[in-house]
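Q: This is a predicted model, with the sequence first.
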Amino acid sequence: MPTGAEHPPQRATMNVPPAWTGVVRFLHITPRAFLPMESFDELTLVAGKGIEGDRYMIGRESGFYSHKPEEGRQITLFEIETLEALARDAKIQMLPEEHRRNVTVQGVPLNHLVGRQFWVGETLLEATRLSTPCRHIEEILGKAVFDPLINRSGLNCRILKGGVIRVGDAVHGA
Amino acid sequence: MASFAWATLSTGRDMPKAIKHLQAVVREIDEPLPGVKRLVLADQDGWRLPAFRPGAHIDLHLANGLVRTYSLCNEPADCRRYVIAVKREEAGRGGSRHIHDELRAGEVIGVSVPRSGLALSPTGMNIFVAGGIGVTPFVSAILAMEREGQSNYQLHWASMGEPSLIDMLAPAVKGGRVHLYNTLEVSPPDIRPIVDGSGPDAKAFCCGPAGMLDAFESAVAEWPESRKHVERFTAPKLVPTLNAQPYSVVLARSGREMEVRPEVGLLATLEAMDADISVSCAGGICGACRTRWIEGPPIHHDRVLSPQERAHEVIVCIAECAGPRLVLDL
């Protein structure tokens, strides 16, 4: 099966250097649907599978959406800037463990990365699609975050090159 | 290509069922009083459980298919377990009998995310009036207040004989904030004198048998709704559109038909019919449940479809119906 690594996205072929460099601020996983996310200093990513211990690890799915298998949902990212915007614009305090994505990044334009590859520490990811907000998060949190998260609910990715990612790792284009 | 991988995932095994609730292990069962069982529920690996507010409750999805709601009665800060207390009701509908007679420590049961809770007065007096096992929502509230060093509450608790969970309220009892009424010896609490003169910031809460609830509602009849709360152990209902009327939903391909009651809604009705729909956001935005409609017209609440699309499609997770029948191409 061809992989994205063998077929770099269009930007790479244009040889345009990325105009951004971000950083990993928080890492979270949870083993099963509905359980709270827990913070870790580092996580192990398995290429083509997911995150060790997370509910969406392919082959061991136990997440809320696991009845809808999705090869491109091995790891999810979220912008810390969205949390700041929620507090500023919607007066909603949302914590990094509450958005239920795995990696909270700073300085990374996630919405621009669909179809592109990028590095998180020593691992290589490929963005498959934007995440969408869902009522499931509101149910768990008891916070009205559905509307404010429209169009800024994070990014779904597949893992092209696995490894260990850590809080503080750099994030940059491939 | 992603589509190849998707096909592999989708056809290589049976499609798993949607996970609708937590799976919890029954860690302990004890019987603090004959006829009352106390259950400690936890994640199988001891992972933190979803947080809950004082007085919150959960649904238990029991092996016999019954779903029953119980108040959490441990301290909300105690985030790795849920504690409930269940009184055996011989004349009940079977939930408590199943828990008492069939459920064993070590079994796994489905548990909903906690919901609701008591909006306590931070500075005014909080008056809890309980009858028997109805004390459970107030136990977690009292434990939370004690933890915060708050003493602005009083519990008036009637029970026939020895109260059942008194061991969980030792600091409150020692502090003189628990008033017990053994109704084998004394009358149940006279609620009106208890609530009268409690101040403009006071709140009053009641959970108990019907007679007690009636007496309570009479005593606080003049109080604003925001300052009184009656706990009836019923699941929260959907809030339908004002003056919404029941209608029938029809699955055209099979001819199956079911009434959609406003308090239940279209999505839950379709799920009850085991209709072939895919639901994701349940909020009218993702479009996963996009369905063609034949007769209606639907009342659209989604943010997915264009006006042209709405002429023949509907996002069923959030829609209603303007007519007596909604016929879907399912």
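A: Received it, and whenever you're ready, just let me know what you need. Numbers count the residues shown, from 1 in each chain, chains lettered A, B, ... in the order given.
Q: Up against chain A, what does the stretch 201-330 of chain B have?
A: With the criterion set to Cβ under 8 Å from any Cβ of the partner chain, the stretch 201-330 of chain B comes near chain A through B:Ser278, B:Ser280, B:Cys281, B:Ala282, B:Gly283, B:Ile285, B:Cys286. Quick note: C-beta positions are derived from backbone N, CA and C, even for glycine.
Q: mind listing which of those residues are in strands?
A: Among those, no member is found in strands (DSSP state E).
Q: pLDDT-wise, what's the bottom of the residues you listed?
A: For these, the weakest pLDDT value sits at B:Ser280, with 65.
Q: I'd say A:Gly162 and A:Ile51 touch.
A: No - checked against Cβ atoms under 8 Å, the pair A:Gly162 and A:Ile51 is beyond contact range at 9.5 Å.
Q: Please say which of those two ends up with more neighbours.
A: Taking neighbours as other Cβ atoms under 10 Å in any protein chain shown, A:Gly162 and A:Ile51 compare with A:Ile51 leading, 24 against 19.
Q: Could you measure from the more buried one over to chain B?
A: Distance of A:Ile51 to chain B, given as Cβ to the nearest Cβ, to the nearest Å: 15 Å.
Q: pretty sure that residue is touching A:Leu45, no?
A: Yes - using Cβ under 8 Å as the test, A:Ile51 is close enough to A:Leu45 to be in contact (5.8 Å).
Q: got any residues that touch both of those two?
A: Counting by Cβ atoms under 8 Å, 6 or more residues apart in numbering or on different chains, the common neighbours of A:Ile51 and A:Leu45 are A:Gln74, A:Ile75.
Q: Please see if the longest strand seen in chain B touches chain A.
A: Assignment by DSSP E gives strand B:22-33 as the longest strand of chain B. Yes - counting by Cβ under 8 Å from any Cβ, chain A is contacted by strand B:22-33 at B:Leu22, B:Gln23.
Q: Packing partners of that strand?
A: Judged by 3 or more Cβ pairs under 8 Å, 6 or more residues apart in numbering or on different chains; DSSP states H and E, strand B:22-33 is in contact with strand B:36-42, strand B:108-111.
Q: For B:Pro246, give me its contacts.
A: B:Glu259, B:Val260, B:Arg261, B:Pro262.
Q: Strands - which of those land there?
A: B:Glu259, B:Val260.
Q: quick one: which of the contacts of B:Pro246 is most hemmed in?
A: Highest neighbour count within the contacts of B:Pro246: B:Val260, with 24 neighbours (other Cβ under 10 Å).
Q: How about it, nearest residue that isn't a chain neighbour?
A: Using Cβ to Cβ, 6 or more residues apart in numbering or on different chains and skipping residues adjacent in sequence, the residue nearest B:Val260 is B:Thr269, 4.7 Å away.
Q: and that neighbour, backbone torsions?
A: B:Thr269 adopts backbone torsions of phi -70, psi -40, taken as degrees, to the nearest 10.
Q: Next one: it from B:Arg303, what distance?
A: Noted for B:Thr269: a distance of 22 Å to B:Arg303, by Cβ to Cβ, to the nearest Å.
Q: okay, those two: which has more neighbours?
A: B:Thr269 (19 against 14).
Q: how about the closest residue to B:Arg325 other than its chain neighbours, secondary structure?
A: Nearest residue to B:Arg325 in three dimensions, chain neighbours excluded: B:Ser248, at 4.9 Å (Cβ to Cβ, 6+ apart). Three-state call for B:Ser248 (DSSP: H, G, I helix; E, B strand; the rest coil): strand.
Q: Repeat that for the one 5 residues further on.
A: The assignment at B:Arg253 comes out as coil when based on three-state DSSP.
Q: who's in contact with it?
A: Taking Cβ under 8 Å, 6+ apart, we find B:Arg253 in contact with B:Asp329, B:Leu330.
Q: Would you quantify the distance from it to B:Asp274?
A: 13 Å.
Q: repeat for B:His61
A: Computed with Cβ to Cβ, the distance linking B:His61 and B:Asp274 is 17 Å.
Q: Over to B:Arg80?
A: For B:Arg80, the distance to B:Asp274 (Cβ to Cβ) stands at 36 Å.
Q: Please identify which of the two sits among more neighbours.
A: Higher neighbour count among B:Arg80 and B:Asp274: B:Arg80, with 12 against 9, using other Cβ under 10 Å.
Q: what about the helices in the chain?
A: As the question left the chain open, I've gone with chain A. A:10-13, A:80-85, A:135-141 (DSSP state H).
Q: my bad, the chain I had in mind was chain B
A: Under DSSP H, chain B gives helices at B:2-11, B:95-101, B:136-147, B:170-174, B:191-195, B:210-219, B:266-272, B:307-310.
Q: picking up where we left off before, correct me, but the residue nearest to B:Val260 touches B:Glu263?
A: No - assessed by Cβ under 8 Å, B:Thr269 is found out of contact with B:Glu263, at 10.9 Å.
Q: so where's chain A uncertain?
A: A:1-18 (pLDDT under 70).
Q: nope, the stretch 201-330 of chain B is what I meant
A: Short version for the stretch 201-330 of chain B, where the test is pLDDT under 70: B:232-242, B:280.
Q: rewinding a little: what does the longest strand of chain B contact?
A: Applying Cβ under 8 Å, 6+ apart, the external contacts of strand B:22-33 come out as A:32-35, B:37-44, B:49-50, B:81-82, B:85, B:103-113, B:162-165, B:167.
Q: Just the buried ones out of those, please.
A: For those, a burial check counting by 16 or more other Cβ atoms under 10 Å in any protein chain shown picks out A:32-35, B:37-43, B:49-50, B:81-82, B:85, B:103, B:109-113, B:163-165.
Q: Ok, which of the helices and strands packed on strand B:22-33 comes nearest chain A?
A: Closest approach to chain A among those is made by strand B:108-111 (8.7 Å; Cβ to the nearest Cβ).
Q: can you give me the offset of that closest one from its chain's centre?
A: Distance of strand B:108-111 from the chain centroid (Cα atoms, centre = their mean, to the nearest Å) equals 15 Å.
Q: do the same with stretch A:64-79
A: Mean C-alpha position of stretch A:64-79 versus that of the full chain (Cα atoms, centre = their mean) differs by 9 Å.
Q: Give me the distance between the two termini of it.
A: Terminal residues of stretch A:64-79 lie 22 Å apart, using Cα to Cα, to the nearest Å.
Q: Before I go, just wanted to say thanks for your time.
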